[in-house]
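Peer 1: Quick one: sequence plus predicted model below, questions after.
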Amino acid sequence: MASLDSVLACLDLNLDRSVERLKDLLRIPSISTDPAYAADCRRAAEWLAGDLSAIGFEAAVRDTTGHPVVVAHRDGPAGAPHVLFYGHYDVQPVDPLELWDSEPFDPQVVTQPDGSRRITGRGSADDKGQLMTFIEACRAYIAETGGLPCRVTIFLEGEEESGSPSLLPFLDEFKQELSADVALICDTNMWDKQTPAISTGLRGLVGEEITIKAASRDLHSGYYGGAAANPIRILSKILADLHDADGRVTLPGFYDGVPELPEDIRKVWDGLDFDPSEFLGEVGLSVPAGETGRSVLEQTWSRPTAEINGITGGYTGEGFKTVIAAEAHAKVSFRLVFDQDPDKIRAAFRAFVEARLPADCRVEFHPHGGSPAIQLPFDSPILERARQALSDEWPKPAVMISMGGSIPVVGEFKRRLGMESLLIGFGLGDDRIHSPNEKYEMSSFHQGQRSWARVLAALGTDAG
């Protein structure tokens, strides 16, 4: 504990220096999606590799088919666990520039009316500020103790904001080097400004595009109406059949691998400061539309869904045209949880459609990706150690939450490297990532550093 106390004191003492380092990194316009900034992406990678080398990591910029990655290693005590920390140094474009209050790549520290401070600039929260919290924790640990409590590999990507086209080949080629006991990912949020969070689950995804065809051409609805099959009506009926009156998905076997939420986790979620009316009210809605009897958090975090994302067919231009379309199209996505099998869900959906297809109609399917859900066991010892470490730092105890969306790298770490991931980030919902006036709270940056120091200490307790 004495070593951890000295590390925390070091972080407090050197906060201003760490802010200046972050500002140096934020000044580099590493926009990965725009080829005009390719040199800046490399410059950001080189800056990070240089900083990591300076504090004692074996660090290098590694080329890919696109923007480079940074890989850095530092040994830990004998028998200590090996952790892989992942972040990304690339950022989103800044358009529209006229909506920024200050230059996107001229970071500022701004004091708010309540006395709190925030760091502004593109990448401050997504993800440069977040990844630097971990690097600063390592810097302080090495400075105060001469080493780290864990064996640490740092992997920083340069294409996360542009689809990560080079990520999978790199993971496959360097699987042995990057594999660890657990991955630490910082690209997530706290529950609120005083409550840290660990995201234990990410929903998976199955995407399907379907086309139903009938007549050989569009038909005049006066001549053929009533006698000819109408693909739009048929498709609409099939899609409507996907849910019953209680909002449950009707595909056979759809809920295989979907357990009930553990009661202790349900109580934690019920105790969160979450207002369903406010959540829906922000988008002009008021009534939860999912499964009857399920809370909004349960619907969005731990229950699977079937959603119609788009439907087209017939005449959709200005005015009116009395036509029976020859074909109709829909895009449907399924969000998966726990142990649902994407291949089985896709097969069940296709069988569901084909079973409802009338005579004279045919269907074509086009897949749009499929990935399983990621779920860290709720009783994981690593999860409990990290939860306690975060709770020791923040005013309120850490909560275990789930995410309705997906972070592809988490699934790839699981499938390709065999690792579970701890998702611990210090962003807030109002950080305006991807938008003008992005910011990162000073409390997130400062206590984020201290939190990672505590997490490293907690994960390293097996050393010896």
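Peer 2: All right, it came through fine.

Peer 1: Tell me where the stretch 251-400 of the chain has helices.
Peer 2: Ranges of helices within the stretch 251-400 of the chain are 263-270, 276-281, 296-301, 342-355, 381-393, based on DSSP state H, counting those that start in this stretch.

Peer 1: among the ones you listed, which is nearest Asp95?
Peer 2: helix 276-281 (28.7 Å; Cβ to Cβ). (Glycine included, C-beta is placed from N, CA and C.)

Peer 1: And that closest one, what does it pack against?
Peer 2: The helices and strands touching helix 276-281, judged by 3 or more Cβ pairs under 8 Å, 6 or more residues apart in numbering; DSSP states H and E, are helix 296-301.

Peer 1: got the contact list for the helix it packs on?
Peer 2: Residues from elsewhere that reach helix 296-301, judged by Cβ atoms under 8 Å, 6 or more residues apart in numbering: 201, 261, 266, 269, 272, 274, 276, 279-280, 288, 290-291, 305, 401-404.

Peer 1: One more: stretch 324-333?
Peer 2: Outside stretch 324-333, the residues that touch it by Cβ under 8 Å, 6+ apart are 205-221, 224-225, 228, 230-232, 234-235, 239, 242, 306-315, 349, 368.

Peer 1: Separate out the buried members of the residues you listed.
Peer 2: Among the contacts of stretch 324-333, those buried by neighbour count (16 or more other Cβ atoms under 10 Å) are 205-215, 218-219, 221, 228, 230-232, 234-235, 239, 242, 306, 313-314, 349.

Peer 1: before we move on, back to that, sort out which of the contacts of helix 296-301 are buried, if you could.
Peer 2: Buried among the contacts of helix 296-301 by 16+ other Cβ under 10 Å: 201, 261, 269, 288, 290-291, 305, 401-404.

Peer 1: Closest to Tyr141 out of those residues?
Peer 2: Here the nearest of those to Tyr141, counting by Cβ to Cβ, is Ile401; it sits at 27.5 Å.

Peer 1: So which of the buried ones among the contacts of stretch 324-333 sit within helices?
Peer 2: The helices, defined by DSSP state H, take in 221, 231-232, 234-235, 239, 349 from the buried ones among the contacts of stretch 324-333.

Peer 1: Of the residues you listed, which is the nearest to Ala140?
Peer 2: Looking across these and measuring by Cβ to Cβ, the closest to Ala140 is Phe349, at 51.3 Å.

Peer 1: For stretch 353-370, the averaged confidence score.
Peer 2: The average pLDDT for stretch 353-370 rounds to 95.

Peer 1: Can you give the contact residues for it?
Peer 2: 204-215, 229, 231, 234, 237-238, 241, 331, 333, 342-343, 345-346, 350.

Peer 1: first vs last residue of that stretch, how far apart are they?
Peer 2: 18 Å (Cα to Cα, to the nearest Å).

Peer 1: Renumber starting at 28 from here on
Peer 2: New numbering, starting at 28: the last item is stretch 380-397.

Peer 1: Which of the residues in it are classified as buried?
Peer 2: Under the neighbour-count criterion of 16+ other Cβ under 10 Å, stretch 380-397 has 380, 383-384, 388, 390, 397 buried.

Peer 1: Contacts only, for Pro303.
Peer 2: 315, 322-323.

Peer 1: and which of those residues is nearest to Gln119?
Peer 2: Closest to Gln119 out of those is Val323 (28.6 Å), distances taken as Cβ to Cβ.

Peer 1: per-residue confidence for that closest one?
Peer 2: pLDDT at Val323 comes out at 95.

Peer 1: what does Glu334 give?
Peer 2: Glu334 carries a pLDDT value of 97.

Peer 1: That one reaches Gly317, doesn't it?
Peer 2: No - under the criterion of Cβ atoms under 8 Å, Glu334 is not in contact with Gly317, lying 10.3 Å apart.
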